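J.: Based on what follows, work out the 3D shape:
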Amino acid sequence: MVLIPYVLVIYAYWMRAHGKPSWSIRKFIHTLGLIIVGVYASYLETLSEILIVLFMFLTILLVFTLIPRVNLFFTLIEMGTRQGEKEVDSIINTTLTSTGMIILLLVFFDVRWIFLAGALSVGLGDGLGEFIGKPYGKHKFNIISPKSVEGSIGVFAGTFIGVLFAFLSLNSTSLNDYELLILIIASLTAMIIEALSISFMDNILMPWAVAGILWFCI
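T.: I've put the predicted structure just below:
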């Protein structure tokens, strides 16, 4: 479990070495990182197990950061920074997103499927939105920041797939029509938040909005 994220890091290095667009590398790190965090934190049974895996991961990260030519942490920050954005902004984004995920996990620790749904709304929803919107977004709109209809549809589809997976895999009840409607409403809400977001605020607001709707309505 600890090594899987580093296999993905190696692939990110491979993408950069082969001249892949910087936005695709950044979104690859962002998407897979949040999906892994959400899945690991949802399927490990106790807080102690989560902390042990986290400690091992951070220990490896620290070791490879202290190696001058590797400098892993800062290399990941560099690869995860938007074009034209300062690296300090990326660090703030990562810190706030991680803090939000930790609090979300603690709040919904006993209803882990809701935490997973919130995490996947950003990891899978926001990720799929950019992977579709960036290369294929032809119908542009600009409410607060530039977006595309195709990207927004990707956010909705990714979020819905994520919340549906979380419900079916971790919730003991079967999905009825009312619950399906709530999942759709939560996914639409995530799509609207992403379309209206400023900078990285969607990373913070989307999981809490999705989790809140699921908590109060199901």
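
J.: Least confident secondary structure element in the chain?
T.: helix 72-79 (a mean of 85; mean pLDDT, DSSP states H and E).

J.: Which secondary structure state is assigned to the spatially most distant residue from the centre of the chain?
T.: Residue distances from the centre of the chain (CA atoms, centre = their mean) peak at Pro68, which lies 29.1 Å from the mean C-alpha position. State at Pro68, reduced to three classes by DSSP: H, G, I helix; E, B strand; the rest coil: coil.

J.: if we can go back for a sec, what are the buried residues along the least confident helix or strand of the chain?
T.: Within helix 72-79, the residues that count as buried by 16 or more other CB atoms under 10 Å are 72, 75-77, 79. (C-beta placed from N, C-alpha, C; glycine too.)

J.: now swap in stretch 164-171 and tell me
T.: Those would be 164-167, 170-171, for stretch 164-171 by 16+ other CB under 10 Å.

J.: Just the CA coordinates for that stretch, please, in PDB.
T.: Output of stretch 164-171 as PDB, limited to C-alpha atoms (Å, rounded to 0.1, in the frame of the first residue of the first chain):
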ATOM      1  CA  LEU A 164     -21.900   5.800  -6.700                       C
ATOM      2  CA  PHE A 165     -18.800   3.700  -6.100                       C
ATOM      3  CA  ALA A 166     -18.600   4.900  -2.500                       C
ATOM      4  CA  PHE A 167     -22.200   4.100  -1.900                       C
ATOM      5  CA  LEU A 168     -22.200   0.600  -3.400                       C
ATOM      6  CA  SER A 169     -18.900  -0.500  -2.000                       C
ATOM      7  CA  LEU A 170     -19.100   0.800   1.600                       C
ATOM      8  CA  ASN A 171     -22.800   1.300   2.300                       C
END
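
J.: mind checking how far that stretch is from the chain centre?
T.: Stretch 164-171 sits 17 Å away from the centroid of its parent chain (CA atoms, centre = their mean, to the nearest Å).

J.: same check, this time on stretch 182-189
T.: Worked out by CA atoms, centre = their mean, stretch 182-189 lies 17 Å from the chain centre.
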